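[1] Just a sequence and a predicted model for now, questions to come.
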Amino acid sequence: MSTMAETTTKSRRARRQFDEDFKAQAVRLVLDEGKTVPTVARDLDLTETALREWVHRARANRTRGRTGLTTAEREELAQLRKANRVLQEERDILKKALAFFAKSSR
């Protein structure tokens, strides 16, 4: 009798890396040639989830963001989130310093 962990481990693929040209060609098959995501994924030995995400991003880039975030917008969002996190950490440090000095000045 197999456990859930064994089943999950056996069915999970090793993580693979694909270059941008390969992704663009796969997306072109779906968007320009009208093939379905499951068909292209099966033919190229990809997961449907990965291919769907590539297609979603390509559509957003092609429509300049009307159907989702473009690549540039995703990069900007990541940078803004990082900057926000740093600012929150700095604010928390300043709050603690203020509390420390307010307590010691009494």
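    Thanks, I have the structure now.

[2] And the top helix by length along the chain, what does it pack against?
    Assignment by DSSP state H gives helix 71-104 as the longest helix of the chain. In this structure, helix 71-104 makes packing contacts with helix 48-62, judged by 3 or more Cβ pairs under 8 Å, 6 or more residues apart in numbering; DSSP states H and E. Placement of C-beta: from N, CA and C, glycine included.

[3] So which elements touch the helix it packs on?
    By 3+ Cβ pairs under 8 Å, 6+ apart, helix 48-62 packs against helix 20-31, helix 37-43, helix 71-104.

[4] still on that earlier bit, what is the rounded mean pLDDT of the longest helix of the chain?
    Mean pLDDT, helix 71-104: 93.

[5] same deal with stretch 12-29?
    On average, stretch 12-29 scores 91.

[6] which parts of it are buried?
    Residues of stretch 12-29 classed as buried: 23, 26-27, 29 (neighbour count, 16 or more other Cβ atoms under 10 Å).

[7] what residues does it touch?
    Stretch 12-29 has contacts (Cβ atoms under 8 Å, 6 or more residues apart in numbering) with 35, 40, 44, 46-47, 51, 54-55, 58.
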